[in-house]
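Undergrad: output the structure for:
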Amino acid sequence: SSQLSSLPLQILFYVNGIYYIFYFLVTLAMIVYKSQVFSYPDDFLAPDLAVLFLMAILEVPRLYLGCKGNLTEEEAPLGLSLGFTVGSVVLCVYLLAWQTYVLWADVVLNAVLLCAYGLESGFKVMAIAAFVS
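TA: All right, here's what the predicted structure looks like:
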């Protein structure tokens, strides 16, 4: 029997988990910084923070299901992880384009995260195709 799980995908899950911790802490610090330095409307601070925390909540099952699906060579958890990735991409685009203040650091952090999501999604689709066939 051959092994169908994807080593590059598993490495991406690991790297993405570490990067997301860095991303979350830096983005949170920047939101605090922007609320202190700029005239941040109170009505917009809560939604920006809510999006960041919702994204963190989505990241846990996304990575868990992805790792589980890849290691057990099951397409259902990997497909669910792909679905969570779509939600994370939408929230990432919000933080990239539609949050109240977007600094160059926001652009860099979100661009790296979107690239990682795209690469990971490609590997997920290839892994699902290998598991199904």
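Undergrad: put the alpha carbons of stretch 125-133 into PDB.
TA: What follows is stretch 125-133, C-alpha atoms only, in PDB (Å, rounded to 0.1, in the frame of the first residue of the first chain):
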ATOM      1  CA  VAL A 125      -7.200  19.900  -3.700                       C
ATOM      2  CA  MET A 126      -4.400  17.700  -5.000                       C
ATOM      3  CA  ALA A 127      -4.400  15.600  -1.800                       C
ATOM      4  CA  ILE A 128      -8.200  15.200  -2.000                       C
ATOM      5  CA  ALA A 129      -7.900  14.100  -5.600                       C
ATOM      6  CA  ALA A 130      -5.200  11.600  -4.600                       C
ATOM      7  CA  PHE A 131      -7.400  10.200  -1.800                       C
ATOM      8  CA  VAL A 132     -10.500   9.800  -4.000                       C
ATOM      9  CA  SER A 133      -8.700   8.000  -6.800                       C
END
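Undergrad: show me how far the helix or strand hosting Ile18 is from its chain's centre.
TA: Element membership for Ile18, per DSSP states H and E: helix 7-37. Distance of helix 7-37 from its chain centroid, counting by CA atoms, centre = their mean, to the nearest Å, is 9 Å.
Undergrad: buried ones in that helix?
TA: By neighbour count on 16 or more other CB atoms under 10 Å, the buried set for helix 7-37 is 9-10, 12-13, 16-17, 20, 23-24, 27, 30-31, 34-35. For the C-beta atoms, the positions are set from N, CA and C on the backbone; glycine is no exception.
Undergrad: next one, pLDDT for the residue most central in space within the chain please.
TA: Taking CA atoms, centre = their mean, the centroid of the chain lies closest to Ser88, which sits 5.0 Å from it. With respect to pLDDT, Ser88 has a value of 98.
Undergrad: let me know the next secondary structure element after the host helix or strand of it.
TA: Taking DSSP H and E as the criterion, Ser88 maps to helix 75-93. Counting by DSSP H and E, the next helix or strand C-terminal to helix 75-93 is helix 104-132.
Undergrad: Ser6 against Val125, yeah?
TA: No: using CB atoms under 8 Å as the test, Ser6 is too far from Val125 to be in contact (10.6 Å).
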